[in-house]
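S.K.: Here is my input, please return the structure:
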Amino acid sequence: MAEKSASIHLKRRPRRHEGEPSSIPKLLRSPKVATAFALLFADAVLVALIIAFVPYTKIDWDAYMSQVTGFLGGERDYTNLKGDTGPLVYPAGFLYVYSAIQSVTGGEVYPAQVLFGILYIISLGIILYIYVETDVLPWWALSLLCLSKRMHSIFVLRLFNDCFAMTFLHAALALLLHQRWHLGLIIFSAAVSIKMNVLLYAPPLFLLMLKAMNVGGVISALAGAALVQILLGLPFLVSHPIAYISRAFNLGRVFIHFWSVNFKFIPEPVFVSKEFAVSLLIAHLVLLGVFAHYRWCKHEGGLLKFLPARIRSTFSTSNSSSLPILTKEHIVTTMFVGNFIGILCARSLHYQFYSWYFYSLPYLLWRTPFPTLLRVVLFIGVELCWNVYPSNFYSSALLLCLHLVILLGLWSASPEYPNLSTKSSTRKSK
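M.R.: Predicted coordinates for the structure are as follows:
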C-alpha cells in the first residue's frame, strides 16, 4: 500500500506543475517584480491623495490652453500662437497632445490632474520595467523612484508637457532594450515633437544605432524619425515654415536667471552672456567625446577606432543577423549618461526640468563604484536642491557639485560589456 500511495504521489506532482504557466510563477517570485507592483499600487494611492487634498499650482496650464485654442481655431502661424506666459516655443506634437487633453477635460484642471495622475503611473511603470530588465539596482532601491516630492508636483500639480515628453522617451528606451530600433526611433521622435530637451539623448542614441545596425538600417531609422517630424509639423511647414522652425526649434533661447536651479550662483550678466553659453556647449561636446571614446567604445578600441571600422563593416554587411546584440545595461547606461552630461552642461534648469533626469538618478548612482550610503546621500542631496524655492547661491552651487561627483563616479566605474558576444567571450577567456 505504501509503495502504491507513493507512486500515486509521484504521478500527481508533475501534473500540477504542468498546469501552471511556464514563466509567470518565476516572475511573481522575483523580489524586484513584486516590489515594482507594490510601488505602483502605493504610488497610485499617493497620487490620488495629492490630487484630492493638495492645492493645484497655476503655472503654464492656462497658457497651454490658450495656445491650443488658437491652433484649434485655425491659426497656423507660430508667431500668433501665444499664452499668458509668452509665445509658443514647442514643436507641433505639443499642440496635438494638449488638444486631445482639452477635448477630454474641457480645459478644466481637475480632470486634467486625474489624467496626469494616470500618466504618472504609466510613466513609473515603464521606468520600473527598465530597471527590472537591466538588473542594476537592488530591489529595495526601486523605492527611490517614488520618493520625489518635486516629481509628484511636476505631474499632478503643474501639468507640464515635460511629463508627456519623458514618458514617450522612456517608452522608446524600453523598445530599444529589445532591439526595436525603428519603432523606438519613431517614439523618440514623437517625444522630441513635444519638447526638444529629448534631443539630449540623440548623441548617445546615434552611437548605439551605429553599433546595432548597418548603415542602411541607421539611415532608414533616421528617415522614419524625420518623417514623424515632417508629418506633425506639416500644417505649419506648408503655411508658415520659417515661423514654425524658428520658434519650435530655437536652440538659442536665453532663460531668465531668477528661475535657474543649477547656475543661480553665476552673476546674471555672465549667465545671459553668449560666452557662457558657448563655454557650456564646448564642455558638453568635449565630455560627450571623452565618454564616447574612453567609456562607451572602450571594448571596441575607442571611438576613433570604432567609427571607421564600423562604417566599413556595415557597408559590407548584408546579413543583419551578424550584427551584435547590445546588452540592455549598455543601452541604458549610454543613454542615461549621455543625457546626464547634457543636464550638467545646461545653462538653465527650471523646476520642471528635473523630470528630464530624475528617473535615471538611481541607475546612475548604482553604476558608480561609490558605497551604498554615499549613493543614497547623493540622491537625497539632489532632491533637496530641487526642492529649495526659489533657488539661491548655495542650493545651485551644491547641485552643481553633486552633479560633478556623480559624473566623476560614472567616469571611474568599469564600463559594461557592449554586446552579448563580447560579454560571453570575455567570460570564457577568464
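S.K.: Flag the shaky bits of the stretch 51-200 of the chain, pLDDT-wise.
M.R.: Nowhere does the stretch 51-200 of the chain drop to pLDDT under 70.
S.K.: hey, where'd the strands end up in it?
M.R.: For the stretch 51-200 of the chain, the strands defined by DSSP state E, counting those that start in this stretch cover 82-83, 86-87.
S.K.: so how far is the first one from its chain's centroid?
M.R.: Going by Cα atoms, centre = their mean, to the nearest Å, the spacing between the C-alpha centre of strand 82-83 and its chain's C-alpha centre is 28 Å.
S.K.: do you know how far residue 330 is from residue 402?
M.R.: According to Cβ to Cβ, to the nearest Å, residue 330 stands 25 Å off from residue 402. Glycine gets a C-beta too; all of them are placed from N, C-alpha and C.
S.K.: Between the two, point out the one with more neighbours.
M.R.: Taking other Cβ atoms under 10 Å, residue 330 and residue 402 do not tie; residue 330 has more neighbours (23 against 18).
S.K.: Which pLDDT value goes with the more buried one?
M.R.: Per-residue pLDDT puts residue 330 at 96.
S.K.: show me what contacts it?
M.R.: Listed by Cβ atoms under 8 Å, 6 or more residues apart in numbering, the contact set of residue 330 reads 208, 296, 416, 417, 418, 419.
S.K.: Is the fourth one located within a strand, as I assumed?
M.R.: No: with DSSP: H, G, I helix; E, B strand; the rest coil as the criterion, residue 417 is coil rather than part of a strand.
S.K.: correct me, but it touches residue 327?
M.R.: Yes: proximity of residue 417 to residue 327 meets the contact threshold set by Cβ atoms under 8 Å, at 5.7 Å.
S.K.: pretty sure residue 97 is touching residue 161, no?
M.R.: Yes: taking contacts as Cβ under 8 Å, residue 97 lies within contact range of residue 161: 7.1 Å.
S.K.: what is in contact with the two at once?
M.R.: residue 194.
S.K.: quick one on the thing from earlier: Throw the contacts of residue 330 into JSON lines and include neighbour count and distance to residue 226, thanks.
M.R.: Shown next, in JSON lines, are the contacts of residue 330 (neighbours: other Cβ atoms under 10 Å; distance: Cβ to Cβ, whole Å):
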{"residue": "208", "neighbour count": "22", "distance to residue 226": "18"}
{"residue": "296", "neighbour count": "25", "distance to residue 226": "24"}
{"residue": "416", "neighbour count": "21", "distance to residue 226": "30"}
{"residue": "417", "neighbour count": "18", "distance to residue 226": "32"}
{"residue": "418", "neighbour count": "26", "distance to residue 226": "27"}
{"residue": "419", "neighbour count": "18", "distance to residue 226": "27"}
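S.K.: all helices for the stretch 1-150 of the chain, in order.
M.R.: Ranges of helices in the stretch 1-150 of the chain, per DSSP state H, counting those that start in this stretch, are 2-18, 24-29, 31-53, 61-72, 92-105, 109-134, 149-153.
S.K.: which residue sits closest to residue 359 in space, ignoring its chain neighbours?
M.R.: Nearest non-adjacent residue to residue 359, counting by Cβ to Cβ, 6 or more residues apart in numbering: residue 127, 4.8 Å away.
S.K.: which ones are touching the one you found?
M.R.: 145, 170, 359.
S.K.: quick one: it and residue 363, what's the gap?
M.R.: 9 Å.
S.K.: Which strands or helices does the host helix or strand of residue 224 pack on?
M.R.: Assessed by DSSP states H and E, residue 224 sits inside helix 215-239. Contacts defined by 3 or more Cβ pairs under 8 Å, 6 or more residues apart in numbering; DSSP states H and E place helix 215-239 against helix 92-105, helix 181-192, helix 202-212, helix 241-248, helix 303-316.
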